[in-house]
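S.K.: What follows is a predicted structure for the sequence shown.
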Protein chains: 2
Amino acid sequence: MNGTLFLVGVGPGDPELLTLKAARILASVPVVAFPKKPGDFSLALNIARSHLNPDAELLPAGIPMQVNPGAAQSAYDALAGQLDKLLNAGKDVAYLCEGDPLFYGSANHLLSRLNSAHSIEIIPGITSLSASAAAICRPLAARADVLKVLPATLGDDILQRELANADAVVIIKTGRHLPRIRALLEQADLMESALITEHASHEKQRIVPLSEYTPGEAPYFSTILCCRGADRWK
Amino acid sequence: MNGTLFLVGVGPGDPELLTLKAARILASVPVVAFPKKPGDFSLALNIARSHLNPDAELLPAGIPMQVNPGAAQSAYDALAGQLDKLLNAGKDVAYLCEGDPLFYGSANHLLSRLNSAHSIEIIPGITSLSASAAAICRPLAARADVLKVLPATLGDDILQRELANADAVVIIKTGRHLPRIRALLEQADLMESALITEHASHEKQRIVPLSEYTPGEAPYFSTILCCRGADRWK
């Protein structure tokens, strides 16, 4: 009998923010795969480490940054090939995903390659959005708000259009786009409420008003939360 | 010493989708409050029940539907008053929130009333969005997608405008707005990909293409997921 591939959301950083289901599955599977940028540690593995079966085989997958799409696609092809063999040999495998597997995650690359031939189960995880909102004690959205999640990698025209009509906005993948994003939020009159969180829920958590944030230090996974009117949810 | 108010996300329905942190806190607090529509059971309590300290005092809060805003606001005033007394008496209290407390939840009503006088900690939870996407094995959003969360209670003009420019859309609070939403999605050419999920992750889970869905049975917490181009994430 073939194995099952579990795409497991490990949440935003705090190992206690895994779900009970994720912890149960990670304690039982014999193989645990995870993404790892070449030459770097694996955040997903760091989060999940204390929950793994100590005898589990670890399978690091070197996935280059998405700025090099061809190389990333080849890396997912290679990983899918490895997983295919393990699943065919009857082994259950967990693949660790930061945050939630299906929320701007890399799980879609494995889903599209393996979903037709194998049994796949998704274990949802806490997103960095929810963790960031929890850290600042401010609603992500409420009542009849339009909530938009906007990758900072989008062009100015799209971002301007979307920011003009939004009650609550989350900007993800900020990284090197920070100066541009700051100017666009200023233009859209969203700066007053804007906060940037790094490593939400993690011991390295840092939360600063975007206006006071020192550029150049935003990690790829920082999240900007803003809303129209800071007292709108009272 | 005053108690702490924990606003605890209990996730979308499956009791195994609570976080380890939520389970730890619920096993320890002496008072557990939860919303309960008058004459109805409490979904949040049903989800969390197996995790509670068996000696915990249960405090059901009758919160009328938001269609009657005045009555709902009075109910939150009364609940905040009760919680204020318990916290001043040094008791820790957990308030159970379906899904994630700060994602269109009722936690903001307690935050705005109690945040200045008391210590409040938010425990994020799995949203119905993440659970719905997991159930259908389809990304919520990926890469540089614009993701929009749109309450069905919004007017046609806003919904039309937002649907016209969206890669991935989640419609929440569908309820009696179903026929209108269906027409708007048809207009925006989003119907082909649209799925409706009821009770995602729960044993009563039901997932149907929106085009085949029988109107009139959508519970308030059903979620519609759609995207532009069904094979866009391959």
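M.R.: The structure has been received and is ready for your questions.
S.K.: Model confidence score at the residue most central in space within chain A, please.
M.R.: For chain A, the residue nearest the mean C-alpha position is A:Gly99 (4.3 Å; Cα atoms, centre = their mean). You'll see A:Gly99 listed with a pLDDT of 96.
S.K.: go on, A:Lys204?
M.R.: Among the per-residue scores, A:Lys204 shows a pLDDT of 86.
S.K.: A:Thr197 is in contact with that one, correct?
M.R.: No: if you go by Cβ atoms under 8 Å, A:Lys204 and A:Thr197 don't touch, sitting 11.0 Å apart. The way it works is simple: take the backbone N, C-alpha and C, and place the C-beta from them, glycine included.
S.K.: so where is chain A shaky, pLDDT-wise?
M.R.: For chain A, the stretches flagged by pLDDT under 70 are A:66-67, A:215-221, A:230-234.
S.K.: and if we set it to 50?
M.R.: Applying pLDDT under 50 to chain A picks out no residues at all.
S.K.: Longest helix in it, please.
M.R.: helix A:69-88 (DSSP state H).
S.K.: residues of that helix that come out buried?
M.R.: A:Ala72, A:Ala75, A:Tyr76, A:Leu79, A:Ala80, A:Leu83, A:Asp84, A:Leu86, A:Leu87 (16 or more other Cβ atoms under 10 Å in any protein chain shown).
S.K.: More neighbours: A:Lys204 and A:Thr197, which one.
M.R.: A:Thr197 (24 against 10; other Cβ atoms under 10 Å in any protein chain shown).
S.K.: Report the residue ranges of every domain in chain A.
M.R.: A:4-123, A:128-227 (automatic domain parsing).
S.K.: A:Val8 should be in a strand, yeah?
M.R.: Yes: assessed by DSSP: H, G, I helix; E, B strand; the rest coil, A:Val8 belongs to a strand.
S.K.: surely it meets A:Pro101?
M.R.: Yes: shown here, A:Val8 and A:Pro101 form a contact pair, counting by Cβ under 8 Å, at 7.1 Å.
S.K.: and for these two, which residues touch both?
M.R.: A:Ile123, A:Gly125 (Cβ atoms under 8 Å, 6 or more residues apart in numbering or on different chains).
S.K.: Okay, helices next: where are they in chain A?
M.R.: A:20-28, A:43-48, A:69-88, A:107-114, A:128-136, A:156-164, A:178-187.
S.K.: now the longest one and helix A:107-114, what's the angle there?
M.R.: For helix A:69-88 against helix A:107-114, the angle by axes from the mean of the first three to the mean of the last three Cα atoms, to 10 degrees is 60 degrees.
S.K.: then helix A:69-88 to CSV, C-alphas only?
M.R.: Provided in CSV are the C-alpha atoms of helix A:69-88 (Å, rounded to 0.1, in the frame of the first residue of the first chain):
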residue,chain,number,x,y,z
PRO,A,69,12.0,30.4,-11.1
GLY,A,70,13.7,27.9,-13.4
ALA,A,71,16.1,26.6,-10.6
ALA,A,72,13.2,26.5,-8.1
GLN,A,73,11.0,24.5,-10.5
SER,A,74,13.9,22.0,-11.1
ALA,A,75,14.4,21.7,-7.3
TYR,A,76,10.6,20.9,-6.9
ASP,A,77,10.8,18.3,-9.7
ALA,A,78,13.7,16.6,-7.9
LEU,A,79,11.9,16.7,-4.5
ALA,A,80,8.7,15.4,-6.1
GLY,A,81,10.7,12.5,-7.6
GLN,A,82,12.2,11.6,-4.2
LEU,A,83,8.8,11.8,-2.5
ASP,A,84,7.2,9.7,-5.2
LYS,A,85,9.7,6.9,-4.5
LEU,A,86,9.2,7.0,-0.8
LEU,A,87,5.4,7.0,-1.1
ASN,A,88,5.5,4.2,-3.6
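S.K.: Now do it: which elements does it pack against?
M.R.: Counting contacts by 3 or more Cβ pairs under 8 Å, 6 or more residues apart in numbering or on different chains; DSSP states H and E, helix A:69-88 is packed against strand A:4-9, strand A:31-36, strand A:57-62, strand A:93-97, helix A:107-114.
S.K.: try the shortest one
M.R.: Taking 3+ Cβ pairs under 8 Å, 6+ apart as contact, the helices and strands that helix A:43-48 lies on are strand A:31-36, strand A:93-97.
S.K.: The longest one near chain B at all?
M.R.: No: applying Cβ under 8 Å from any Cβ of the partner chain, one finds strand A:31-36 out of contact with chain B, separated by at least 14.5 Å.
S.K.: Let's see that strand as CSV, backbone CA atoms only.
M.R.: Output of strand A:31-36 as CSV, limited to C-alpha atoms (Å, rounded to 0.1, in the frame of the first residue of the first chain):
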residue,chain,number,x,y,z
VAL,A,31,10.2,10.6,6.9
VAL,A,32,10.1,14.4,7.3
ALA,A,33,11.0,16.6,4.4
PHE,A,34,11.4,20.3,4.6
PRO,A,35,12.5,23.3,2.4
LYS,A,36,15.9,24.7,3.1
